[in-house]
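Novice: sharing a model prediction with you, sequence too.
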Amino acid sequence: MTQSKAKVEIVGKEILSDGWTELTGYRIDYTDRNGVTHRLPREVYHRTPAACILLYDPRRDVVVLVKQFRLPAYVNGDPAWMIEVPAGLLDGDEPEVAIRREAMEETGYTVRDVSFLFKSYPAPGSITEVVHFFAATIDTADRTSDGGGLEEEHEDIEVLEVSLQQALAMVENGEIIDLKTITLLQWALLNKGKLR
Ligand SMILES: Nc1nc2c(ncn2[C@@H]2O[C@H](COP(=O)(O)OP(=O)(O)O[C@H]3O[C@H](CO)[C@@H](O)[C@H](O)[C@@H]3O)[C@@H](O)[C@H]2O)c(=O)[nH]1
Ligand SMILES: [Mg+2]
């Protein structure tokens, strides 16, 4: 097999927008596998890392989901009160610390043992965001508050408890359209024997 000659060099960088998230326009010299170099414009949206979690009650065969307004879906004309697994930005914390905090803030469940599953790039062509995926078992006694999100951040989060089978049916019928949620529900289908 011949050695690939692909390599990349950043030759220009300009901040295009510096709001909640920085958008940077890069110019790169991309040398392809045949050794030919092209100068390419590429835009990168610098999102910070995040984490999400499957909260599963094995006794009831139930998953805990959250429903909240998502402006990008609204702008696209899709159902905008999206049903998702609990998730949030790390805000400088370690992923496990952050996901325990977010699970509590959003659902009111205190998470005991959490398992790290994998990390994933939801949109690697344009966004730096990395999402850390976790799973945890819960039972009804672990719910120590109502959740609902942080009032000072104007979060308005409804907590839903649905059977795993019903949640999977909601993927099939288009009620659940969030990628991290679909990923974790399918993980649950394959691996729920491990969650006891
Ligand atoms: N000021 C300001 N605040 C914002 C903006 N966008 C979001 N926020 C606030 O930032 C907070 C983010 O809440 P988290 O719970 O930490 O994050 P998340 O929105 O649930 O993020 C998760 O879901 C996203 C959508 O699937 C993912 O993109 C993200 O990675 C993560 O998984 C919310 O209080 C929201 O109001 C903005 O443009 N400006
Ligand atoms: Mg959140």
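Specialist: Ah, there it is. Ligands and ions are numbered 1, 2, ... in the order given.
Novice: what does the strand with the most length in the chain rub up against?
Specialist: Longest strand of the chain, by residue count under DSSP state E: strand 7-18. Here strand 7-18 makes contact (CB atoms under 8 Å, 6 or more residues apart in numbering) with 22, 23, 24, 25, 26, 27, 28, 29, 30, 31, 39, 43. C-beta coordinates here come from the backbone N, C-alpha and C atoms, glycine included.
Novice: show me the contacts for the fourth one.
Specialist: In other words, residue 25. Neighbour list for residue 25: 12, 13, 14, 15, 16, 41, 42, 43 [criterion: CB under 8 Å, 6+ apart].
Novice: before we move on, what about the fifth one?
Specialist: With contact set as CB under 8 Å, 6+ apart, residue 26 has these partners: 10, 12, 13, 41, 42, 43, 44.
Novice: assign a three-state SS to residue 171, would you?
Specialist: helix (DSSP: H, G, I helix; E, B strand; the rest coil).
Novice: is the one residue in the chain that gets nearest to ligand 2 within a helix or a strand, and which one?
Specialist: Closest approach of the chain to ligand 2 (CB to the ion) occurs at residue 88, with a separation of 4.1 Å. If you go by DSSP states H and E, residue 88 is part of strand 87-89.
Novice: kindly report the same for residue 132.
Specialist: Secondary structure from DSSP H and E places residue 132 in strand 131-137.
Novice: which of the contacts of residue 26 are buried?
Specialist: Among the contacts of residue 26, those buried by neighbour count (16 or more other CB atoms under 10 Å) are residue 44.
Novice: spell out which parts of the protein neighbour ligand 1.
Specialist: Contact residues (CB under 6 Å from any ligand atom) of the chain with ligand 1: 20, 50, 52, 87-89, 102, 129, 131, 153-155, 178, 180.
Novice: let's go with 8 Å and repeat that
Specialist: Residues of the chain found near ligand 1 (CB under 8 Å from any ligand atom) are 19-21, 47, 49-52, 68, 70, 82, 84, 86-89, 91, 102, 105-106, 122, 129, 131, 149-150, 153-155, 178-180.
Novice: looking at those, which are in helices?
Specialist: Per DSSP state H, helices hold the following members of the residues of the chain next to ligand 1: 102, 105, 106, 179, 180.
Novice: low-confidence stretches in this structure?
Specialist: By pLDDT under 70, the weakly predicted segments of the chain are 1-2.
Novice: make it 50
Specialist: By pLDDT under 50, the chain has no low-scoring segment.
Novice: got the domain ranges for it?
Specialist: Each domain of the chain is listed here as a residue range: 7-46, 50-194, per automatic domain parsing.
Novice: rewinding a little: now do the strand holding residue 132: everything it contacts.
Specialist: Contacts of strand 131-137 (CB under 8 Å, 6+ apart): 49-58, 87, 90, 95-96, 99, 103, 111-122, 180, 183-184, 187-188, 191, 195-196.
Novice: which stretches of the protein form strands?
Specialist: Here the chain has its strands, by DSSP E, at 7-18, 22-31, 37-46, 50-57, 62-69, 81-84, 87-89, 115-120, 131-137, 158-163.
Novice: how about residue 116: what's its closest non-neighbour residue?
Specialist: In this structure, residue 116 finds its nearest non-sequential neighbour in residue 134, 5.8 Å apart by CB to CB, 6 or more residues apart in numbering.
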